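**Q** Provide a 3D model corresponding to the input given below.
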Amino acid sequence: MLGCLFSLSSRDPTGNARATSVRKSAFAPCAARWVAVKRICLIVCLIAGGLPARADESTAPNGEMRDVLLMLDQGPLHLRLHISLGGKPLPEIREAYVDRLIATLDTDQDGELTRDETSRSPLLRVKQREAAKAFLESLGAAQTVSRRDIMQTVETVGGETIAYREDSATSENDGELFKFLDQDTSGVLDRKELLATAKRVLEKDSDGDEIVSFEELLPPPPPEPAMANAVPQIEQPPRPTASISTLLRDTRETLLSRRLIRRYDRNRDRRLSQREIGWTAEQVGFLDTNKDDVLDEQELTFIEQTSADLELAIDLEPADAAIPAVQVLHVDGKRIESTNRPDFAKIEFNGAVVTFARRHIDPLADSFENAMIEFNNMDGDANGYLEKSETDQRVRFARGLFESIDFDGDGKIFGEEMEEYIRVRGEPAATSCRVNIYDTGHGFFMALDSNGDGRIGVRERRESARALALLDRDGEPGVSVREPVRHFHVEFVRGSYRMFGSMNESAAETPAFQQRSESGPMWFRRMDRNGDGDLVWSEFLGPRDVFHQLDADHDGLIDPLEAAAAEKMSTTETSDPQ
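**A** The predicted structure is shown next:
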């Protein structure tokens, strides 16, 4: 029914074979031109003997490269990101989509698109009154649509190929977790409270699965206001759960140097010393062309040429399941993740711990779900279509949206029309990446969630006291609320079109931690009802003595390795009865 023009599945994320030849756009983005100007300036400096060559020149992986600064309190952290979709850069994916769209609409195969041909696509359709159409024809106005015009429309609908969003609400949630564990409200988790962590956390297990999720640990929402005398209100757009990021700054920003000085210039001399920017002498010296031991606004312009503290390759949809979604190419910090997940990395830097993860979604399915839920809510008489009167209370429909979706002009919006409208806007958005950063406070939850799946399992609860004790930095008894270093969670997710609600909701209200991959024999996975990767006695469907036999290390849990060993032994005994 959908008849998608553009398929972005995990098996064929870049479309069909016709898209292998990609034409380059003659009109590069303004940001790209600015980068080109800076590179020319750099060459001039090199000729003049100013700046040395790039600090970490190497063969870059295939992907759209972005140099980004994480604006930590003690100084910026330089991240170099290579973001791809199915092994191809996002601009290349978008160019291929436009090629396929043009080929699909060009019914007479003459290499040009007329207004009539483009009017078949809701993405390019422009409604005109007959009188206006006749007037344009009388003036001899061009009746063809160029590739450039189509690309501009796709860029407008799809947005930037890489956009940065942030949410600081998770920092408050982490503070609430500390308050919950700090039973005597002293502001310090003492030894007694640390030892009681496992029991306290389990109290939050509202669904009884012995797993405590991030959401279960959040404080209960405030009670609903009394509705007795409530006056019906016209629906207001929901408040965005995230905003354009100030923590992540792309080095392509034209005012980045000024923002760095405003952020870190403590003595207000409009220059940054080594102490203010928090860098090594070598890093400062790389940009300090006039050798005055400080960096001015002009010198900071070349900050993208410095050595990266972390270099990552992120594939939003790897073409091969064996290819990790997140690969650490270079790091100056320390990797501290306790799991071997191919889509996750946890790095400890000086003054911060940052986790990086790819969040997998089906962007078109996500867009359809968002739209159809609202469609059903608005369809008050449940007749399967929307009339104008049913959309009057919706702000979005007050802007001519009804007419845009109602292609046949019959005064009704059917589910098929809604799906088609969503699809042609969801496809361009699916060629983009949202980089969402969450300020997770001082990392109390992140310390308990050792495998980064957003849940605290039985094994993690057992280690909870030790995990929190490791946050101690001052050597004094206990852990205070601001003693641990700051923690951040960065996730990479494909863009999706949201017809209802703010586009900034692409960053969820809580970090969308990726669930761990299933492992172990099939019988083990079926018994592991809560999906935490361990079997407790209550999950095991067998005699207790067999459970103890399989639990080789006698820790009260059967893990995938123990299950696999038992499976192998059983297979060996069956094949060799002697």
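
**Q** Just the pLDDT for the most centrally placed residue in the chain.
**A** Against the mean C-alpha coordinate of the chain, by C-alpha atoms, centre = their mean, the closest residue is Phe492 at 3.1 Å. Looking at Phe492, its pLDDT reads 95.

**Q** so what's it up against?
**A** 83, 314, 316, 326, 356-359, 433-436 (C-beta atoms under 8 Å, 6 or more residues apart in numbering). Placement of C-beta: from N, CA and C, glycine included.

**Q** The same query, at a cut-off of 6 Å, please.
**A** Shown in contact with Phe492 (C-beta atoms under 6 Å, 6 or more residues apart in numbering): 314, 358, 433, 435.

**Q** and if you look at Ser367?
**A** Counting by C-beta under 6 Å, 6+ apart, Ser367 touches 422, 426, 496-497.

**Q** Looking at these, state which has the most neighbours.
**A** Among the contacts of Ser367, the one with the most neighbours (other C-beta atoms under 10 Å) is Gly426, at 28 neighbours.

**Q** Give the phi and psi angles for it, as a check.
**A** Here is the backbone geometry of Gly426 (degrees, to the nearest 10): phi -70, psi -30.

**Q** Is it correct that it is in contact with Leu364?
**A** Yes - if you go by C-beta atoms under 6 Å, Gly426 and Leu364 touch, sitting 4.8 Å apart.

**Q** hmm, back to that, select from the contacts of Phe492 the one having the most neighbours.
**A** Ile314 (27 neighbours).

**Q** Just list whatever residues bridge to it.
**A** Ile314 has these beta-bridge partners by DSSP bridges: Ile83, Val326.

**Q** residue contacts, it?
**A** With contact set as C-beta under 6 Å, 6+ apart, Ile314 has these partners: 83, 326, 492.

**Q** If we only consider those, which is nearest to Ile244?
**A** Closest approach to Ile244 among the contacts of Ile314 (C-beta to C-beta): Phe492, at 16.7 Å.

**Q** Tell me the spacing between that closest one and Leu329.
**A** Relative to Leu329, Phe492 is positioned 15 Å away (C-beta to C-beta, to the nearest Å).

**Q** cool, and Phe368?
**A** As for Phe368, its distance to Leu329 is 36 Å (criterion: C-beta to C-beta).

**Q** Just want to know which of those two has more residues nearby.
**A** Comparing Phe368 with Leu329 by neighbour count (other C-beta under 10 Å), the higher total belongs to Phe368, at 22 against 15.

**Q** Then the more buried one would be within a strand, right?
**A** No - the assignment for Phe368 (DSSP: H, G, I helix; E, B strand; the rest coil) gives helix, which keeps it out of a strand.

**Q** Strands of the stretch 151-300 of the chain, start to end?
**A** 162-167, 188-189, 212-213, 243-244, 248-250, 272-273, 294-295 (DSSP state E, counting those that start in this stretch).

**Q** Compare the ones you listed and say which comes out lowest on pLDDT.
**A** strand 243-244 - the lowest mean pLDDT of those, at a mean of 74.

**Q** From start to finish, how long is stretch 310-323 in a straight line?
**A** Distance between the two ends of stretch 310-323: 19 Å, counting by C-alpha to C-alpha, to the nearest Å.

**Q** May I see the buried residues of that stretch?
**A** Within stretch 310-323, the residues scored as buried using 16 or more other C-beta atoms under 10 Å are 310-319.

**Q** which residues sit in contact with Glu562?
**A** With contacts defined as C-beta under 6 Å, 6+ apart, Glu562 is in contact with 550, 552.

**Q** ok, now Pro428?
**A** By C-beta under 6 Å, 6+ apart, the contact set of Pro428 is 154, 157-158.

**Q** export those to JSON lines and tack on neighbour count, pLDDT and distance to Gly411?
**A** Below are these laid out as JSON lines (neighbours: other C-beta atoms under 10 Å; pLDDT from 0 to 100; distance: C-beta to C-beta, whole Å):
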{"residue": "Val154", "neighbour count": "23", "pLDDT": "93", "distance to Gly411": "30"}
{"residue": "Val157", "neighbour count": "15", "pLDDT": "89", "distance to Gly411": "26"}
{"residue": "Gly158", "neighbour count": "21", "pLDDT": "91", "distance to Gly411": "30"}
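
**Q** Please report how far the nearest residue to Pro91 once chain neighbours are set aside lies from Arg258.
**A** In this structure, Pro91 finds its nearest non-sequential neighbour in Thr161, 5.8 Å apart by C-beta to C-beta, 6 or more residues apart in numbering. To Arg258, Thr161 is 25 Å away according to C-beta to C-beta.

**Q** neighbour-wise, which of those two wins?
**A** Applying other C-beta under 10 Å to Thr161 and Arg258 shows that Thr161 carries more neighbours, namely 21 against 13.

**Q** That one contacts Arg434, correct?
**A** No - Thr161 lies out of contact with Arg434 (C-beta under 6 Å); the separation is 10.5 Å.

**Q** shouldn't Thr251 be in contact with Leu70?
**A** No - using C-beta under 6 Å as the test, Thr251 is too far from Leu70 to be in contact (11.8 Å).

**Q** just to revisit the earlier point, least confident of the contacts of Phe492?
**A** Comparing those by pLDDT, Arg358 comes last, at 91.

**Q** check contacts around it.
**A** Contact analysis of Arg358 by C-beta under 6 Å, 6+ apart lists 325-326, 343, 492.

**Q** is it possible to export these to JSON lines including distance to Gly441?
**A** Shown next, in JSON lines, are the contacts of Arg358 (distance: C-beta to C-beta, whole Å):
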{"residue": "Ala325", "distance to Gly441": "26"}
{"residue": "Val326", "distance to Gly441": "23"}
{"residue": "Asp343", "distance to Gly441": "23"}
{"residue": "Phe492", "distance to Gly441": "21"}
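
**Q** Out of those residues, flag the one nearest to Gly475.
**A** Nearest member of those to Gly475, counting by C-beta to C-beta, is Val326, at 34.2 Å.

**Q** Relative to Arg249, how far out is the closest one?
**A** Taking C-beta to C-beta as the measure, Val326 and Arg249 are separated by 21 Å.

**Q** Could you do Leu218 as well?
**A** Leu218 is 29 Å from Arg249, by C-beta to C-beta.

**Q** Of the contacts of Arg358, which is the most crowded?
**A** That'd be Phe492 among those, by other C-beta under 10 Å, with 23 neighbours.

**Q** got the angle for whichever strand or helix holds that residue vs strand 162-167?
**A** For Phe492, the host element (DSSP states H and E) is strand 486-494. Here strand 486-494 runs at an angle of 140 degrees relative to strand 162-167 (axes from the mean of the first three to the mean of the last three C-alpha atoms, to 10 degrees).

**Q** How far away from the center of its chain is strand 486-494?
**A** Chain-centre distance of strand 486-494: 6 Å, with C-alpha atoms, centre = their mean, to the nearest Å.

**Q** partners of it in the sheet?
**A** Counting by DSSP bridges, the strands paired with strand 486-494 are strand 352-358 (parallel), strand 433-439 (antiparallel).

**Q** So which of those is nearest Arg466?
**A** With C-beta to C-beta as the criterion, Arg466 lies closest to strand 352-358 of the strands paired with strand 486-494, at 16.7 Å.

**Q** Can I get that closest one in CSV, CA atoms only?
**A** Listed next in CSV are the C-alpha coordinates belonging to strand 352-358 (Å, rounded to 0.1, in the frame of the first residue of the first chain):
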residue,chain,number,x,y,z
ALA,A,352,34.5,13.5,32.4
VAL,A,353,33.1,10.1,31.5
VAL,A,354,31.4,9.9,28.1
THR,A,355,29.4,6.9,26.7
PHE,A,356,28.7,6.7,22.9
ALA,A,357,26.0,4.5,21.5
ARG,A,358,24.1,3.9,18.2
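
**Q** From the contacts of Ser367, pick the one nearest Ser389.
**A** The shortest approach to Ser389 among the contacts of Ser367 belongs to Ile422, at 22.1 Å (C-beta to C-beta).

**Q** What helix or strand is that closest one located in?
**A** Applying DSSP H and E as the criterion places Ile422 in helix 415-429.
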